[in-house]
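Enquirer: return atomic coordinates for the entry below.
(one chain, ligands or ions: 2)
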Amino acid sequence: MTSLEELRRVNARCIHCRACQYAYSGEPDKEGETEEYTGMLQGCPAGIYYGWEGYFNSGKQWMTRAFLNGELPASRELLEIAEACTTCGMCETQCENYIDTVAITEALRAAVIEAGVEPLDKHKGFAVRVGDDGLRNPYNEPRAERTKWFAGKVDNKDAKVAYFVGCTAAYREQQIAEHTASIMDKLGIEYTVLTDEVCCGSPILRTGQRDVFRKVMEENKELYKDFDLVLFSCAGCYKTFRNDYPTMSGEPLPFKVRHAVEYVYDLVAEGKLKIEKPYSKKVTWHDPCHSIRHVGIAIEKEILENSENWLLDSRAGKKAKEKHFEIPRVVLNAIPGLELHEMYRIKGDSFCCGAGGGVKAQFPDFALSTAKERLKEAASTGSEVIMTSCPFCVTNFTHGIEALQKEEQETGADLSAAGSKLEVVELLELLDSLL
Ligand code: SF4
Ligand code: SF4
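Expert: Ligands and ions are numbered 1, 2, ... in the order given. As a prediction, the model looks like this:
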């Protein structure tokens, strides 16, 4: 486990320059298509919503330093500020000092809880339910019904590939699980789904409850250890397995991992898959923070960790990160008829949907306000569809659009420029219909 104390030296690199508050912090002259979206723009959902320094990453880094130095005690107030962050990582891609901002925020949350402060109400509920042997998911659903949606052969140990479904697709957004399974069938992958699958632990790790996280991480690692490849449809589960399990356990994963969109990308890039059916809509793409930005950052940092020549490898790291950011774009551009209209804040500078890091459950108004901010940016591209590949982004955008439509009905105002007419589409769902 990476404790806050272990991250002390990383935190000490923060010079409080506040570059991490802005998307395109290194490109003040960057030109956008519209007056509203141009130049350096604020990019921290927490700072924008709460409006003062403590909620921006720069403030959190300094509070962390004060906490580590014993100048700021563990308190409910400190935990509330630390938890009101979507852990989106926008700040991390801006920081020229390579500070692991999200790891520090998550470790601060854990340290405050370990110092005796109760986890916030909704977050506590996650850990209780995931720790319960009859549930093992944050949604309070029976464990025995986890694979009820699946018509294929469960627990097939002869398969070399396993699909880790995740709690949200297993219980709340089953169409995502069904579309992913259908894609795998169409691609001729021999795979299985395991009845003993448990929550990946993301919601409890993010919210600082590490004991239960450790337990589910070990269970999942043991469960999948004999597979060659584990595939994911959830951006959060994927990031947790790919980035957090090795960091938190101190050992590499015993199997390969890939998000289903990356799997399709591999086939498209190698010329093994050609999408023939058209999709003639104007689409804007929302990068899920977990599977795009966080994985991109990890790819860059993995190159730098093993570097003997920082100058050369920092360029190689940036290049590899940028290549990762292109993955969904390569897939979208392979779909005939699809017109991709990019938003202003994309890739490392992408603006979060607002749902992550335990925010949607504990701070629903903050989550909704952030979704609306992103929907406005999406609408500014003139697109009909906002497309993404993460169940949390889909849910939060859907709630944002519903809130806008309700406002339209109540006031008679036309909120199409705010995104009320946008359609939210999951990329895996679209791919299933095109393959
Ligand atoms: S985290 Fe990095 S970008 Fe943010 S204030 Fe500190 S040094 Fe500056
Ligand atoms: S992770 Fe996202 S919400 Fe949290 S401080 Fe950084 S930019 Fe703000």
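
Enquirer: for residue 276, give its distance to ligand 1.
Expert: Computed as Cβ to the nearest ligand atom, to the nearest Å, the residue 276 to ligand 1 distance reads 46 Å. Every residue, glycine included, has its C-beta placed from N, CA and C.

Enquirer: from memory that residue sits against residue 336, does it?
Expert: Yes. The pair formed by residue 276 and residue 336 meets the contact definition of Cβ atoms under 8 Å, at 7.2 Å.

Enquirer: give me the element residue 230 is part of.
Expert: Under the criterion of DSSP states H and E, residue 230 resides in strand 229-232.

Enquirer: give me the contacts around that strand.
Expert: Contacts to strand 229-232, defined as Cβ atoms under 8 Å, 6 or more residues apart in numbering, come from residues 160-164, 166, 180, 184, 189, 191, 224, 238, 241, 255-260, 263.

Enquirer: out of these, who's near ligand 1?
Expert: The residues of these that also fall near ligand 1, by Cβ under 6 Å from any ligand atom, amount to none at all.

Enquirer: all the helices of the stretch 251-400 of the chain, residue numbers only.
Expert: 260-269, 295-305, 310-333, 359-362, 364-379, 391-411 (DSSP state H, counting those that start in this stretch).

Enquirer: kindly reformat these as TSV containing distance to residue 101.
Expert: TSV is the format used below for those (distance: least, Cβ to Cβ, whole Å):
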stretch	distance to residue 101
helix 260-269	25
helix 295-305	10
helix 310-333	16
helix 359-362	16
helix 364-379	17
helix 391-411	20
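
Enquirer: residue 93 is nearest to which of these?
Expert: Put simply, out of these the one that sits nearest residue 93 is helix 295-305, at 6.5 Å, with distance taken as Cβ to Cβ.

Enquirer: quick one, that closest one and helix 310-333 angle?
Expert: With axes from the mean of the first three to the mean of the last three Cα atoms, to 10 degrees as the criterion, the two stretches helix 295-305 and helix 310-333 enclose an angle of 160 degrees.

Enquirer: right, and the secondary structure at residue 162 would be what?
Expert: Secondary structure, DSSP: H, G, I helix; E, B strand; the rest coil: residue 162 is strand.

Enquirer: got a list of what it touches?
Expert: Taking Cβ under 8 Å, 6+ apart, one finds 191-194, 224, 227, 229-231 in contact with residue 162.

Enquirer: burial measure for the closest residue to residue 56 other than its chain neighbours, as a count.
Expert: Taking Cβ to Cβ, 6 or more residues apart in numbering as the measure, residue 56 lies nearest to residue 47, with 3.7 Å between them; neighbours along the chain are not counted. Using other Cβ atoms under 10 Å as the criterion, residue 47 is surrounded by 25 other residues.

Enquirer: ok, residue 156 next?
Expert: Here the count is done by other Cβ under 10 Å, and residue 156 has 14 residues near it.

Enquirer: pretty sure it belongs to a strand, no?
Expert: No. Looking at residue 156 with three-state DSSP, it is coil, so not inside a strand.

Enquirer: what's near enough to touch the closest residue to it other than its chain neighbours?
Expert: Leaving out its chain neighbours, the residue that sits closest to residue 156 by Cβ to Cβ, 6+ apart is residue 192, at 3.8 Å. Contacts for residue 192 (Cβ under 8 Å, 6+ apart) come out as 152-157, 159, 161-163.

Enquirer: how about the helices of the stretch 251-400 of the chain in TSV, adding mean neighbour count?
Expert: What follows is the helices of the stretch 251-400 of the chain, written out as TSV (neighbours: other Cβ atoms under 10 Å):
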stretch	mean neighbour count
helix 260-269	20
helix 295-305	18
helix 310-333	16
helix 359-362	22
helix 364-379	22
helix 391-411	19
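
Enquirer: filter the contacts of strand 229-232 to the buried ones?
Expert: Members of the contacts of strand 229-232 that pass the buried threshold by neighbour count (16 or more other Cβ atoms under 10 Å) are listed as 161-164, 166, 180, 184, 189, 191, 224, 238, 241, 255, 257-260, 263.

Enquirer: so which residues on this protein come close to ligand 1?
Expert: Within the chain, the positions near ligand 1 by Cβ under 6 Å from any ligand atom are 14-20, 57-58, 61, 94-95, 97, 99, 101.

Enquirer: quick one: the residue nearest to residue 172 when sequence neighbours are not counted from residue 177, how far?
Expert: With Cβ to Cβ, 6+ apart as the criterion, residue 172 has its nearest non-adjacent residue at 6.4 Å, and that residue is residue 139. Distance from residue 139 to residue 177, counting by Cβ to Cβ, to the nearest Å: 14 Å.

Enquirer: who has more neighbours out of those two?
Expert: The neighbour count for residue 139 versus residue 177, taken as other Cβ under 10 Å, is higher for residue 177 (24 against 14).

Enquirer: from memory that one sits against residue 170, does it?
Expert: Yes. In this structure residue 177 lies within contact range of residue 170 using Cβ under 8 Å: 6.3 Å.

Enquirer: what sits in contact with each of these two?
Expert: Each of residue 149 lies in contact with both residue 177 and residue 170 under the rule Cβ under 8 Å, 6+ apart.

Enquirer: so what's the residue count around the residue in the stretch 301-435 of the chain that ligand 2 sits nearest to?
Expert: Nearest residue of the stretch 301-435 of the chain to ligand 2, counting by Cβ to the nearest ligand atom: residue 352, 5.9 Å away. A count of neighbours around residue 352, defined by other Cβ under 10 Å, yields 31.

Enquirer: how about the nearest residue to it once chain neighbours are set aside, what does it touch?
Expert: Nearest non-adjacent residue to residue 352, counting by Cβ to Cβ, 6+ apart: residue 88, 3.6 Å away. Taking Cβ under 8 Å, 6+ apart as the definition of contact, the neighbours of residue 88 are 45, 102, 289, 293, 352, 356-357.
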